[in-house]
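Undergrad: below are the sequence and a predicted model for it; my questions follow.
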Amino acid sequence: MSVTSGVDTDEGKVEKAPEQSPQAPRRNSPLRKGEGRRALYLIVPTLVLLAVVIGYPVVRAIIMSFQKDPGLDKSTGLFVSGGNAGFSNYTHWLLQRCGEASCPPGTLGSQFWDSVTTTFFFTAVTVVVEVLLGMWMAIVMNRAFKGRGLLRASVLVPWAIPTAVTAKLWYFIFAYDGIANHLFGTHILWTGDQWASRFAVIIADVWKTTPFIALLILAGLQVIPADVYEAARVDGANSWQRFTRVTLPLVRPALMVAVLFRVLDVLRIYDLPAILTGGGGGTGHATTTLSILVVDQIRQGFNSAAALSTLTFLLIFLVAFIFVRFLGAHVVQTQQTQQRQQKGTV
Amino acid sequence: MATTTANIPAPGEVPHRRRPFDWASTRSYVGIALIVIFCLAPFYWMVVTSFKADANLYDLSRNPFWFSQVDGSGRPYHKDIIIPASYSEGPIRWTIGTGAHTTRFDSEPNPVPIAQVGDQPIYSPVDGTLTQVTVPEGQVAQPNTVVGVIDVTSPSLTHYRYLASTPFWRWMRVSLITGLMVVLITLIFSVPAAYGLARLEFAGNRGIGIAIFLTYLIPSTILFIPFSQFVGALKLDNSIWSLILSYPTFTIPFCTWLLMGFFRSVPKEIEERALLDGATRLQMLRLVVIPVVLPGILTAAIFAFTLSFQEYVYALTFISSSLNRTLPVGITVDMVRGDVYFWGPLMAAAVVGSIPVVIVYALSLDYFISGMTTGAVK
């Protein structure tokens, strides 16, 4: 649920650049003296803390992922107490190998690629629906003058309810004899059928997160100056052209970061599908996401689960990299890059 | 406000595009209505369910969106009072008369019996009104027989009262304490780090900024395997400290990143002016920077609180005693008996459990939105 701000738009910088003082005097400003050392005092405690509570556990998890889980060796039938596993934990997931043979259907090992597909399916569908719906909601909210307070308050409600509770609420709505089937006169097994359970998860997630995306886009819309629209109107742009040529490019940077964070969150989604469909749905793993698979695996062996979560991490990292590198989501911007950009435009 | 001018015809506008009917504002009202319904309908269902008596809750034959006193055939919802099979025969003594109200026994801390069979107490199964007495005062009541009828009251507060007999309020306390502690720890670390990264220049601050963003990418599942071992080794399992110490792993990177945006939105010139005017760096921070970024800090605090209040995976695995659970885990795990969900109490718990975050948002909505606007787009 944690899409958010901190976004710096290129456009914003371009507009701001002329207002700011010329670069030359800043070089000698008092703010620069001994900055490196001071900055270090401020940053080091946090870095040390993060190294201890994140760096070390990650390294440890990666080391664990190369060790054998104690248990019966599936190929020899002998008990192993651990030891170096090489890449066998990784091939277990990637190639679905259990020992020398391929994993039999029904085991967790055989579900890896299914859950990758499920996770990506959830990510693609929810993010597309949420962005389109959120864009529409933001435009309506931006136009609204009467009922604005009501709108803002109601938009925050889905976001304020804890996700786990949301999942339970939708489980109740989607119960076989529940209100959804009653209203639509259907007899769908929302939490049991393969596709119905997937769509139940998507509907619940869209309900929970769209309002928040809408608020983010709204924040972007509200700083677009009115005269930009005025100019477009004078030039004879119709409302669709104004939307695609003015609104969209100007909110794009804010939108990209919102989308990036949403994508990263859905790739790790656990509580919503786990509670709404009991982690299974349909054939038993219709809504099993990667995180659900990891949690299931933890009960069967830490080291293999560590390998699986390392794979999840790599996958998320890859997606984030693609976003930042190719789709232009600016997640980190420092004074230096800002100045570089300003120099380029001034 | 970009569209302030949208409904006013611009000077150059062609006249035939004006419609006599105010189409734009009608469309806008329809849009507002649709959004409000979309956001509030499931929430409304949750609230209305939490006040429905059980008999009403599972019966959708009448208007399901409102309360009903009668079932599909028009009879009042009622519950027979049956003498348990284990009781021995005895004369009945009613402690209440017909027309008197009763409350459900398991929602009361010290339930009062509605009747006595010999010295064995009979409690009311529902909130309602005693409407019929089939075995009058003093007559012998047999086990397994109906001695009276209670008409069910709906709406009723019975589900909310029932929460008191569960550890609900303890879960609430655990969640609130955890949330507040996590906010405190997060701000102590994030505010200086974000300021340092956003404002002060030194070699490698961009690299560190990216590294902090990357830590946000780490899935909590990769951390919780080593964590669960540490937690076990430090004997913190089942303790609220296991959560207070693990939640900052995702709140600190996130809030640091969020705050960097806010600190950058403060024009450097303000700080330089303050320093030139003879303020010390601390005075400058306290008097100039902090007041300007206060909405940002508040936004970060809200996020830290929300993220930890809603966290599920760690809370589910680290806490095994049902007394020390957090609210989301308690509601989803402990409000089930076997396969039977207590939907009434569950929805009541959901309503009450949403209140802290709703209050936080309501109190800080304007700060929050201005904070997001500043951080996000300026």
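TA: Good, I have the coordinates.

Undergrad: all the strands of the stretch 101-250 of chain A, in order from the start?
TA: A:101-102 (DSSP state E, counting those that start in this stretch).

Undergrad: flag the shaky bits of it, pLDDT-wise.
TA: In the prediction, the stretch 101-250 of chain A carries no residues with pLDDT under 70.

Undergrad: and B:D80, what element?
TA: strand B:78-82 (DSSP states H and E).

Undergrad: list of residues touching that strand?
TA: Applying Cβ atoms under 8 Å, 6 or more residues apart in numbering or on different chains, the external contacts of strand B:78-82 come out as B:55, B:114-115, B:122, B:124-126, B:128, B:131, B:144-152. Quick note: C-beta positions are derived from backbone N, CA and C, even for glycine.

Undergrad: ditto for stretch A:84-92
TA: Counting by Cβ under 8 Å, 6+ apart, A:65-69, A:97-98, A:103, A:109, A:303-304, A:306-308, A:311 sit against stretch A:84-92.

Undergrad: next, the buried residues of it.
TA: Neighbour-count burial for stretch A:84-92, counted by 16 or more other Cβ atoms under 10 Å in any protein chain shown, picks out A:85, A:88-90, A:92.

Undergrad: for B:I210, state which of those residues is nearest.
TA: Of all the buried residues of stretch A:84-92, B:I210 sits closest to A:Y90, with 26.5 Å by Cβ to Cβ.

Undergrad: quick one: average pLDDT of the host helix or strand of that closest one?
TA: Using DSSP H and E, A:Y90 sits in helix A:88-94. On average, the pLDDT along helix A:88-94 is 83.

Undergrad: so how far is that helix off the chain centroid?
TA: Offset of helix A:88-94 from its chain centre (Cα atoms, centre = their mean, to the nearest Å): 25 Å.

Undergrad: is stretch A:49-64 positioned near chain B?
TA: Yes - Stretch A:49-64 reaches chain B (Cβ under 8 Å from any Cβ of the partner chain) through A:49-50, A:53-54, A:56-58, A:60-61, A:64.

Undergrad: ok, then the element right after the helix holding A:Y90?
TA: Remark: after helix A:88-94, the chain's next helix or strand is strand A:97-98, criterion DSSP H and E.

Undergrad: quick one: residues in contact with stretch B:49-57.
TA: A:172, B:67-68, B:71, B:77-79, B:126-128, B:152-160, B:343-344, B:347-348, B:350-351.

Undergrad: 6 Å - rerun?
TA: B:68, B:77, B:152, B:154-156, B:159, B:344, B:347-348, B:351 (Cβ atoms under 6 Å, 6 or more residues apart in numbering or on different chains).

Undergrad: let's have those in a markdown table, adding distance to chain A.
TA: Converted to a markdown table, the contacts of stretch B:49-57 look like this (distance: Cβ to the nearest Cβ, whole Å):
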| residue | distance to chain A |
| --- | --- |
| B:S68 | 14 |
| B:Y77 | 17 |
| B:V152 | 19 |
| B:S154 | 16 |
| B:P155 | 17 |
| B:S156 | 19 |
| B:H159 | 13 |
| B:G344 | 10 |
| B:M347 | 7 |
| B:A348 | 11 |
| B:V351 | 9 |
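
Undergrad: narrow those residues to those in strands?
TA: B:V152 (DSSP state E).

Undergrad: so which bits of stretch A:109-121 are buried?
TA: Of the residues in stretch A:109-121, those buried (16+ other Cβ under 10 Å) are A:109-112, A:115-116, A:118-120.

Undergrad: can you tell me which of the residues you listed are in helices?
TA: Secondary structure from DSSP state H places A:112, A:115-116, A:118-120 of those in helices.

Undergrad: low-scoring stretches of the stretch 251-378 of chain B, by residue?
TA: B:338-339, B:369-378.

Undergrad: out of the residues of stretch A:49-64 next to chain B, which are buried?
TA: A:49-50, A:53-54, A:57-58, A:60-61, A:64.

Undergrad: in PyMOL, how would I select just the buried ones from the contacts of stretch A:84-92?
TA: Paste this into PyMOL to select the buried members of the contacts of stretch A:84-92, with burial taken from 16+ other Cβ under 10 Å:
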select buried, chain A and resi 65+66+67+68+69+97+98+103+109+303+304+306+307+308+311
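
Undergrad: just the closest of the contacts of stretch A:84-92 to chain B, please.
TA: A:A306 (5.2 Å; Cβ to the nearest Cβ).

Undergrad: so which elements touch the lengthiest helix in chain B?
TA: In chain B, taking DSSP H as the definition, the longest helix is helix B:343-377. Judged by 3 or more Cβ pairs under 6 Å, 6 or more residues apart in numbering or on different chains; DSSP states H and E, helix B:343-377 is in contact with helix A:148-160, helix A:163-173, helix A:194-222, helix B:23-51, helix B:158-163, helix B:248-265, helix B:290-310.

Undergrad: what's the closest of those helices to B:V329?
TA: Of all the helices and strands packed on helix B:343-377, helix A:163-173 comes closest under Cβ to Cβ, at 7.0 Å.

Undergrad: quick one, that closest one and helix B:23-51 angle?
TA: 90 degrees (axes from the mean of the first three to the mean of the last three Cα atoms, to 10 degrees).

Undergrad: off-centre distance for helix A:163-173?
TA: 20 Å.

Undergrad: quick one: it to helix B:290-310, angle?
TA: Interaxial angle of helix A:163-173 relative to helix B:290-310 (the same axes, to 10 degrees): 50 degrees.

Undergrad: which of the residues in helix A:163-173 are buried?
TA: For helix A:163-173, using 16+ other Cβ under 10 Å, the buried residues are A:163-173.

Undergrad: stretch B:293-311 now?
TA: Those would be B:293, B:295-311, for stretch B:293-311 by 16+ other Cβ under 10 Å.

Undergrad: same for chain A: which of the residues you listed are within range?
TA: Contacts with chain A within the buried residues of stretch B:293-311, counted by Cβ under 6 Å from any Cβ of the partner chain: B:Q310.

Undergrad: count of neighbours near residue 188?
TA: Went with chain A since none was named. 17 (other Cβ atoms under 10 Å in any protein chain shown).

Undergrad: I was after chain B.
TA: 15.
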